[in-house]
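[1] here you go, sequence then predicted model.
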Amino acid sequence: MKAVQIHHYGGPEELKYEDADDPVINPDDVLIRVHATSVNPVDWKIRNGARKEQGSAHFPLILGWDVSGVIERAGARVKGFNEGDEVYGRPDPGRNGAYAEYIAVRASEIALKPKTLDHSVAAAVPLAGLTAWQGLFDHGKLKAGQKVLIHGAAGGVGTMAVQLAKWKGAYVIGTAAKDNIDFLKELGADEVIDYQAERFEEKLTDLDLVFDTIGGEVQARSLNVLKPGGTIVSTVGIRDKEMVKSKGLHGEQYMAQSDPEQLRQLAHLIDQGKLIPVIARTMPLKEAAQAQQISEEGHTRGKIVLKVSDGPRGDRLDTR
């Protein structure tokens, strides 16, 4: 099969579009013919070696931990899925990813894709959607009527978080560049602060939750806008846990996990028109290096999708 692989840690130039070994299918796996995947920060953080401390990669490595596609074969122990099912999910980042024509994924990591989306849009949902859902609701315990500040609100995770928080009935504040203010208000944000022109901590106070995708000094400043007993949830780690504790706050750091039930709930909201994936651009798989470079610059509105396939083809893998 064709895939984009890395053979060494390094820059975008390490991404090679080439022939790759076919996936190995275990009894609990499904083999998915990949129609589309998307670019996430975890992709280029693994590529450049920033996540070495979480385990050394086995090269060559296929990146990409969003997938939308069609099941070609189900393993012997798989129940509930059949050949031809259109599915989406966040595969295990400990295995090869979806920058490829085929991927082997545990059936426990996928769900039927939203019926109203084609694969090239559905591929933008799983990791960003799960990250937003788990950050807001599992770790942040966000409830109707509470106030939440979402940093990086125009990004892939941020756009999901804004919509999900509004759906829950929260008062939603986002930080973003000036040209994203009207866009985020259309998504449901009650307030948007231009982080380039204003300091959010001088305008906000007494918030219940801060959803942090940025870290660093933004995270440190965020502690000043929370009410006593408030919570900061971060996808990039809590920098100063003692400071959080000394201010009477709660700090939660996490990495999104595959959760089929949450994927089903996200699909339901999408099919009801209550959650809209935001796509910055769609590019062919062979342009993965350029796509990662754009993502790494950090100014993308929504997600970058990599299109892999338009549909079934005759030369299927030999999966016997």
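    Sure, I can see it. None of these values were measured; they are calculated from a predicted model. Numbering: from 1, shown residues only.

[2] enumerate every residue touching A144.
    A144 sits next to 168-170 when contact means CB atoms under 8 Å, 6 or more residues apart in numbering. Where C-beta positions appear, they are placed from N, C-alpha and C, glycine not excepted.

[3] drop anything exposed from these.
    168, 170 (16 or more other CB atoms under 10 Å).

[4] redo the contacts of A144 as TSV? Include secondary structure.
    Shown next, in TSV, are those (DSSP: H, G, I helix; E, B strand; the rest coil):
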residue	secondary structure
K168	helix
G169	coil
A170	coil
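
[5] got the contacts of A144 as CSV, with distance to G94 and pLDDT columns?
    What follows is those, written out as CSV (distance: CB to CB, whole Å; pLDDT from 0 to 100):
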residue, distance to G94, pLDDT
K168, 31, 98
G169, 36, 98
A170, 34, 98
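
[6] nearest to P114 among the contacts of A144?
    P114 has its nearest neighbour among these in K168, at 19.3 Å by CB to CB.

[7] any idea how far G129 is from that closest one?
    For K168, the distance to G129 equals 14 Å [CB to CB, to the nearest Å].

[8] over to A289?
    Taking CB to CB, one finds A289 at 26 Å from G129.

[9] looking at those two, which one has more neighbours?
    The neighbour count for A289 versus G129, taken as other CB atoms under 10 Å, is higher for G129 (29 against 18).

[10] any idea which element that one lies in?
    helix 126-133 (DSSP states H and E).

[11] which elements pack onto that helix?
    Other elements packing on helix 126-133 under the criterion 3 or more CB pairs under 8 Å, 6 or more residues apart in numbering; DSSP states H and E are helix 156-168, helix 260-271.

[12] so what touches that helix?
    38, 40, 42, 65-68, 88-90, 156-161, 164, 211, 235, 256-259, 262-263, 265-266, 275, 277, 303.

[13] buried subset of those residues?
    Buried among those by 16+ other CB under 10 Å: 38, 40, 42, 65-68, 88-90, 156-161, 164, 211, 235, 256, 258-259, 262-263, 265-266, 275, 277, 303.

[14] redo the helices and strands packed on helix 126-133 as CSV? Include distance to I32.
    As requested, the helices and strands packed on helix 126-133 are exported to CSV (distance: least, CB to CB, whole Å):
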stretch, distance to I32
helix 156-168, 21
helix 260-271, 14
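
[15] what's near enough to touch D259?
    130, 134.

[16] pLDDT value on it, please?
    pLDDT, D259: 98.

[17] what stretches of the stretch 1-150 of the chain score poorly on pLDDT?
    By pLDDT under 70, the low-scoring segments of the stretch 1-150 of the chain are 53-56.

[18] can you give me the helices for it?
    41-47, 119-122, 126-133 (DSSP state H, counting those that start in this stretch).

[19] quick check: domain ranges of this protein?
    According to automatic domain parsing, the chain comprises the domains 2-125+277-307, 128-253.

[20] out of those domains, which comes closest to I270?
    Of all the domains of the chain, domain 2-125+277-307 comes closest under CB to CB, at 4.2 Å.
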